[in-house]
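Asker: no FASTA, just this:
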Ligand code: SF4
Ligand code: SF4
């Protein structure tokens with residue numbers, strides 16, 4: 001066996017695959033290439049070969065693993081419950097340990113260090129904000145042009161870490177809030193919307209100051225030791241909080257797996273809630289207002305880290321309905337849009353092809369708006385959609401719908417009616 005880290009794919013996990021091939025039609029890279037080595041089964045076969053000492057961790061192995069989007073559509077389809085995401089993260093950690101080349105070290109610095117170091121991220125965000133104002137992002141070449149699809153970064157660059165928000169009216173509970181890395185500065189509108197919705201439901205919101213990036217990007221890119229370090233820090237930062245609220249699908253999915261990254265992680269993992277599941281639950285309980293009828297259609301896109309990693313499908317739709325919108329399906333299989341973290345940088349051709357496919361599904365609905373609950377997906381969709389199609393977060397449109405004087409007055413009046421036993 002040639003594995004050298006504690007993160008390596010386990011023989012037990014690899015042997016769970018029964019080679020049935022049911023995952024193949026769901027795999028984007030297999031569908032685009034028709035190549036067995038670009039399928040989940042092919043990737044598992046390569047990992048098994050290394051595990052049995054039949055193949056080294058070489059360039060060929062790295063190429064096979066690197067093409068994977070880590071979308072986890074194969075996990076959803078698998079009847080044998082193969083933990084593919086965990087196996088792939090282990091394989092990437094091994095590649096990084098075996099081949100400390102420039103690209104690997106670069107990824108490690110970017111996703112393992114910079115995103116978790118707030119001053120560096122704030123500095124980069126200032127540069128981005130200035131570049132956006134000077135319209136420099138409009139003239140960037142190729143994949144860097146994705147920056148043009150970002151929301152405008154506010155000046156001064158914001159951060160929620162270390163802040164606290166009191167509830168509107170009587171307090172029903174407290175939630176700890178993950179500020180995140182790019183989400184905190186580049187998608188602060190989403191943070192504002194979810195915090196206001198939580199306050200409306202009577203929650204005090206606390207963003208601990210000593211938290212850091214969740215570590216998902218580091219784990220996906222093979223910077224496993226950095227991912228473990230970030231998980232450790234968040235376990236300490238969120239200690240003592242019953243609920244840890246996360247409004248980015250990629251981050252909530254990763255934090256629900258913290259038991260794999262740190263000793264005390266399992267305790268935090270069960271306290272993590274994704275924004276869409278928590279807010280949909282509050283709406284269902286009558287703890288938040290809901291529209292009585294839907295009057296306008298809106299297309300909906302499922303981020304892989306909600307649909308495949310967490311099985312969260314109905315909740316964003318329920319939030320849209322509560323906002324008076326009728327979700328229109330674009331793809332019942334939930335195929336990846338091609339964003340996939342840093343995939344655009346390593347495999348722009350496949351990323352672009354998947355992005356164009358997803359955009360054409362949205363355009364086919366003829367609707368001017370699509371809802372997506374993940375920042376990476378939002379950026380990818382905006383890159384391939386015309387300016388005429390708006391990409392929104394479900395909680396943002398919900399907050400806009402309920403943040404009107406008539407709805408708020410009616411809601412306050414409803415909350416003050418004494419309950420009868
Ligand atoms: S994670 Fe996605 S791209 Fe990777 S093997 Fe599974 S289905 Fe294919
Ligand atoms: S569906 Fe599961 S068991 Fe079947 S080939 Fe794919 S990973 Fe293996």
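Answerer: Nice, thanks for sending it over. On a predicted model such as this, the values are computed, not experimentally measured, just so you know. Numbering: from 1, shown residues only. Ligands and ions are numbered 1, 2, ... in the order given.
Asker: show me where the stretch 51-200 of the chain has helices.
Answerer: 59-66, 73-77, 84-98, 102-107, 118-133, 182-186, 188-200 (DSSP state H, counting those that start in this stretch).
Asker: And the fifth one, what does it pack against?
Answerer: Translated: helix 118-133. helix 182-186 (3 or more Cβ pairs under 8 Å, 6 or more residues apart in numbering; DSSP states H and E). Just so you know, the C-beta spots here come from the backbone N, C-alpha and C atoms, and that holds for glycine as well.
Asker: Packing partners of the helix it packs on?
Answerer: Using 3+ Cβ pairs under 8 Å, 6+ apart, helix 182-186 is in contact with helix 118-133, helix 188-200, helix 375-384.
Asker: Which of the ones you listed has the highest mean neighbour count?
Answerer: helix 375-384 (a mean of 24; mean count of other Cβ atoms under 10 Å).
Asker: And the contacts of it?
Answerer: Outside helix 375-384, the residues within contact range by Cβ atoms under 8 Å, 6 or more residues apart in numbering are 145-146, 148-150, 182-183, 186-187, 190, 248, 250, 301, 303, 337-341, 344, 351-352, 355-356, 358-359, 362, 370, 372, 391, 393.
Asker: are any of those residues buried, and which?
Answerer: Among the contacts of helix 375-384, those scoring as buried are 146, 148-150, 182-183, 186-187, 190, 248, 250, 301, 303, 337-341, 344, 351-352, 355, 358-359, 362, 370, 372, 391, 393 (criterion: 16 or more other Cβ atoms under 10 Å).
Asker: Enumerate the residues of the stretch 1-150 of the chain near ligand 1.
Answerer: Contact residues, the stretch 1-150 of the chain versus ligand 1 (Cβ under 6 Å from any ligand atom): 26-29, 40, 43, 68-74, 84.
Asker: In CSV, list these along with neighbour count and pLDDT.
Answerer: Shown next, in CSV, are those (neighbours: other Cβ atoms under 10 Å; pLDDT from 0 to 100):
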residue, neighbour count, pLDDT
26, 23, 95
27, 25, 97
28, 25, 96
29, 22, 97
40, 27, 97
43, 26, 98
68, 25, 97
69, 23, 95
70, 24, 95
71, 29, 95
72, 25, 95
73, 23, 96
74, 27, 97
84, 29, 96
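Asker: Flag every residue of this structure that's near ligand 2.
Answerer: Residues of the chain lying near ligand 2 (Cβ under 6 Å from any ligand atom): 17-23, 40-41, 44, 74, 77-78, 80, 82.
Asker: switch the cut-off to 8 Å
Answerer: Selection of the chain residues close to ligand 2 by Cβ under 8 Å from any ligand atom yields 16-24, 39-41, 44, 74, 77-82, 84.
Asker: Could you pick out the buried ones from these?
Answerer: Applying 16+ other Cβ under 10 Å to those flags 16-17, 23-24, 39-41, 44, 74, 77-78, 82, 84 as buried.
Asker: With respect to residue 330, which of these is nearest?
Answerer: residue 77 (19.2 Å; Cβ to Cβ).
Asker: pLDDT value on the closest one, please?
Answerer: Predicted confidence (pLDDT) for residue 77: 94.
Asker: Likewise for the one 3 residues further on?
Answerer: At residue 80 the predicted local confidence, pLDDT, stands at 95.
Asker: what does the one 10 residues further on give?
Answerer: Here the pLDDT value assigned to residue 90 is 95.
Asker: how close does the spatially closest residue to residue 402 that is not a sequence neighbour get to residue 401?
Answerer: Leaving aside its sequence neighbours, residue 402 sits nearest to residue 289 (Cβ to Cβ, 6 or more residues apart in numbering; 5.2 Å). Residue 289 is 9 Å from residue 401, where distance means Cβ to Cβ, to the nearest Å.
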